[in-house]
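Q: Sequence and predicted structure below; questions after.
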Amino acid sequence: MVGMKTLLNVSISRSIGKNLGMLFVREFGADSRTTMLKWQNERERKLKLSKEDRRKEYTRPYVPLEDIPTWKEQSKSLPDISESPSFEKLKKKCLYDIKIKEDLDFTDKVSTFVGDITKLEIDAIVNAANSSLMGGGGVDGAIHKAAGPLLKKENLNHDGCPTGEARLSGGYNIPAKYIISTVGPQCENPRELANCYKNSLQMAVDNNIKTIAFPCISTGIYGYPNEDAALVALKTVRNFLEEHGQALDRIIFCLFLEVDVGFYTSFLPVIFPKILPKEQQKKKKEIIEEVNDETES
């Protein structure tokens, strides 16, 4: 009798275990597969839409690329200080560790934009993410909120992201087609910060992304000094354009704080100078020589 009872209990236990296992597979395994199909299908569906059809699905205001002037246009409203001694001194401060090819004019390739990066209707926006890619505060939280829950679902498949690297996801509910997530350094580390920009740009080139916008990576709660971060961003982008200029149409520096606007406005004419006519180049050379003489004396 005891043996029969034991066999019955084992049989019942096995039956319950089997049913629970099947239930787990149904509830979790199937749900996981469905979720994966859902973000993949939605990402592909969105990418196949024309601009007009994508706009029909927008639920909030957007900013088209044609509404963002290039730096060539933006700089026309600023005073020209390129022939002043103070400008040459600024160059020494900004370009002590980089030699730019001044015969290459990229002023029509870059822009600044003051506002909400999630509203930009371009190919890709860059997210200053944390290593989990699961969302956080600041611009990271704003992008996740605007893109919707499928961004987090897709990011689960990336298995995180190390500092300085980049990961590509769909844009979902934002006007941008893609979101490139990168993880900035949590301390002042120019090499790792430069890698954020370089790897994001390379990700763009590899995926035929022509227009891309960057926030000010690591300057929020990660505490990177704004001035130094601006210089790293601008110089890294400049170097990349000198090598891959034909692969990208526009790189937008999306700014939010007034302090960042000030730094970018000061540094852009130095790192992205306009090509001057020959007469102006001659005058500029004389000014440089004058500054050098003053420095030596």
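A: Good, I have the coordinates. This structure is a prediction, so every number in the text was calculated from the model and none was measured. Numbering: from 1, shown residues only.
Q: Ala128 should be in a helix, yeah?
A: No - according to DSSP: H, G, I helix; E, B strand; the rest coil, Ala128 belongs to no helix; its state is strand.
Q: residues near Met252, how many?
A: Heads up, residue 252 is Ile, not Met. Neighbour count for Ile252, taken as other CB atoms under 10 Å: 23. Placement of C-beta: from N, CA and C, glycine included.
Q: which SSE is it in?
A: Element membership of Ile252 [criterion: DSSP states H and E] is strand 250-255.
Q: again, but for Leu234
A: Counting by DSSP H and E, Leu234 is part of helix 226-244.
Q: picking up where we left off before, averaged over its residues, what pLDDT does the strand holding Ile252 have?
A: Averaging pLDDT along strand 250-255 yields 98.
Q: continuing past that strand, what's the next helix or strand?
A: Next along from strand 250-255, by DSSP H and E: helix 258-271.
Q: if we can go back for a sec, partner strands of the strand holding Ile252, parallel or antiparallel?
A: strand 110-114 (parallel), strand 211-214 (parallel) (DSSP bridges).
Q: per-domain residue ranges of this protein.
A: 2-48, 65-78+106-272 (automatic domain parsing).
Q: First residue to last residue on the last one, what's the distance there?
A: Looking back up the chat, that one is domain 65-78+106-272. End-to-end distance for domain 65-78+106-272, by CA to CA, to the nearest Å: 20 Å.
Q: starting at the chain centroid, how far to it?
A: Mean-position distance between domain 65-78+106-272 and its chain equals 3 Å (CA atoms, centre = their mean, to the nearest Å).
Q: about what we covered before: and the domains of the chain, which one's lowest on average pLDDT?
A: domain 2-48 (a mean of 59).
Q: mind checking the backbone torsions on Ile180?
A: Recorded main-chain torsions at Ile180 are phi -100, psi 110, according to degrees, to the nearest 10.
Q: got the contact list for it?
A: Ile180 makes contact with Ala124, Ile125, Val126, Asn127, Ala166, Arg167, Leu168, Ser169, Ser200, Met203, Ala204, Ile212, according to CB atoms under 8 Å, 6 or more residues apart in numbering.
Q: which ones among the residues you listed are found in helices?
A: Ser200, Met203, Ala204 (DSSP state H).
Q: Closest one to Gly115 out of these, please.
A: If you rank the ones in helices among the contacts of Ile180 by distance to Gly115 using CB to CB, Ser200 comes first, at 19.9 Å.
Q: Give me the nearest residue to Ala233, chain neighbours excluded.
A: Tyr197 (5.8 Å; CB to CB, 6 or more residues apart in numbering).
Q: Could you double-check that that neighbour sits in contact with Lys235?
A: No - the criterion here is CB atoms under 8 Å, and Tyr197 misses it with Lys235 at 9.2 Å.
Q: higher neighbour count, these two?
A: Tyr197 (25 against 21).
Q: Which of the helices or strands spans that one?
A: Tyr197 belongs to helix 190-206, assigned by DSSP H and E.
Q: Asn41 now?
A: Residue-wise, Asn41 maps onto helix 30-48 under DSSP H and E.
Q: now Leu150
A: Counting by DSSP H and E, Leu150 is part of helix 149-155.
Q: Flag every buried residue along that helix.
A: For helix 149-155, burial by neighbour count (16 or more other CB atoms under 10 Å) applies to Leu150, Leu151, Lys152, Lys153, Glu154, Asn155.
Q: Tell me which other helices or strands it touches.
A: When contacts are defined as 3 or more CB pairs under 8 Å, 6 or more residues apart in numbering; DSSP states H and E, helix 149-155 sits against helix 30-48, helix 138-147, strand 166-170.
Q: Brilliant, that's me finished.
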